[in-house]
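K.L.:
coords please:
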Amino acid sequence: MISERKFSNSFSSFWNELLPTADSFVRRMNLSLERYCLPIESRFEVNRDRRSVINELSFRFFMSLARGKKLSASDKMKISFEVSHYIERLAPNINIDQPISKEEIEESESLSSALTQYFSKDELNKLWFWPDFRGCGRINSCKGDIITGDKLVEVKAGDRRFRITDVRQVITYLSLNSISKQYDIQHIALVNPRKGLFFETTVEILIEDCSQRKPVDVFGDIVDFLSSEVVST
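P.N.:
Predicted coordinates:
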């Protein structure tokens, strides 16, 4: 069994054939990003592993903010320990050998505050966090970031623009949902609170611009691939 992230980052031949115009779509997307808040600059040097912790911690702080829960200092430290263990389980090659620092917690708080600005006040207490998508064939069940109304929102807080693997990940969620029909998803958004940028479009435009085909056909091909007897990288 594989995760949706592993699937999105592997099987290049399959993805290139399925989405022949995805690279040009991603280039256009990154040229048309909209700004919703000022970017956040790190005040200290941080490696990729620590940034993964900061980004995950900021998302969990944001969940608390959206739910109207005020976190004490001890709450924040407890969440930081949970996040460290979560990251190490998710990526065994990552070793979080030092406790989360005060500066890292402050940066996480800044990112969570920036993410709050993307949503309207009316939306905040209606957000569906970590929507579950049922697995299919060789792919495990997995969780997206947020659903608000008919929009799937994926948060990417890296110090970069969006990548084709981000698009593949979203399309994987949409494909799984096309089978289970758990959610009515008509729109998608990619949001980067570190850069203060976002991109929104409809599911139909996303799929047709990446593949020149209809969503139902692309989703069907992904489901068939995942359900095939042998899936190799």
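
K.L.:
Only C-alpha atoms from now on, for both contacts and neighbour counts.
P.N.:
Will do.

K.L.:
gap between the residue nearest to residue 63 when sequence neighbours are not counted and residue 62?
P.N.:
Setting aside the residues directly before and after it, residue 63 is nearest to residue 129 in space (CA to CA, 6 or more residues apart in numbering), at 7.6 Å. Separation of residue 129 from residue 62 (CA to CA, to the nearest Å): 10 Å.

K.L.:
what about those two, which has more around it?
P.N.:
residue 62 (23 against 17; other CA atoms under 10 Å).

K.L.:
Check which helix or strand the closest residue in space to that one that isn't next to it in sequence maps to.
P.N.:
Among residues not flanking residue 62 along the chain, residue 112 sits closest, at 4.6 Å (CA to CA, 6+ apart). Per DSSP states H and E: residue 112 is located in helix 102-116.

K.L.:
List the buried residues for that helix?
P.N.:
104, 105, 107, 108, 109, 110, 111, 112, 113, 114, 115, 116 (16 or more other CA atoms under 10 Å).

K.L.:
any idea of the mean pLDDT for that helix?
P.N.:
The pLDDT scores in helix 102-116 average 93.

K.L.:
Also stretch 2-19?
P.N.:
Stretch 2-19 comes out at a mean pLDDT of 95.

K.L.:
Buried residues in the worst-scoring helix or strand of the chain on mean pLDDT, which are they?
P.N.:
One helix or strand of the chain scores below all others by mean pLDDT, DSSP states H and E: helix 73-90, with a mean of 82. Residues 76, 77, 80, 83, 84, 87 are the ones in helix 73-90 that count as buried (16+ other CA under 10 Å).

K.L.:
any idea of the mean pLDDT in the helix or strand that comes right after the helix holding residue 112?
P.N.:
Moving toward the C-terminus from helix 102-116, the next helix or strand (DSSP H and E) is helix 121-124. Averaged across helix 121-124, pLDDT comes to 91.

K.L.:
List the buried residues for helix 121-124?
P.N.:
For helix 121-124, burial by neighbour count (16+ other CA under 10 Å) applies to residue 124.

K.L.:
give the contact list for the nearest residue to residue 219 once chain neighbours are set aside.
P.N.:
In space, and not counting its chain neighbours, residue 219 is closest to residue 175: 4.7 Å by CA to CA, 6+ apart. Residue 175 sits next to 219, 220, 222, 223 when contact means CA atoms under 8 Å, 6 or more residues apart in numbering.

K.L.:
Show me the chain divided up by domain.
P.N.:
As given by automatic domain parsing, the domain ranges for the chain are 4-36+125-227, 48-116.

K.L.:
Out of those domains, which gets the lowest mean score?
P.N.:
domain 48-116 (a mean of 85).

K.L.:
Between the two ends of it, how far is it?
P.N.:
Terminal residues of domain 48-116 lie 24 Å apart, using CA to CA.

K.L.:
For the most centrally placed residue in the chain, what are phi and psi?
P.N.:
By CA atoms, centre = their mean, the mean C-alpha position of the chain lies nearest to residue 154, the distance being 3.6 Å. Main-chain torsions, residue 154, degrees, to the nearest 10: phi -110, psi 130.

K.L.:
Okay then, goodbye and thanks.
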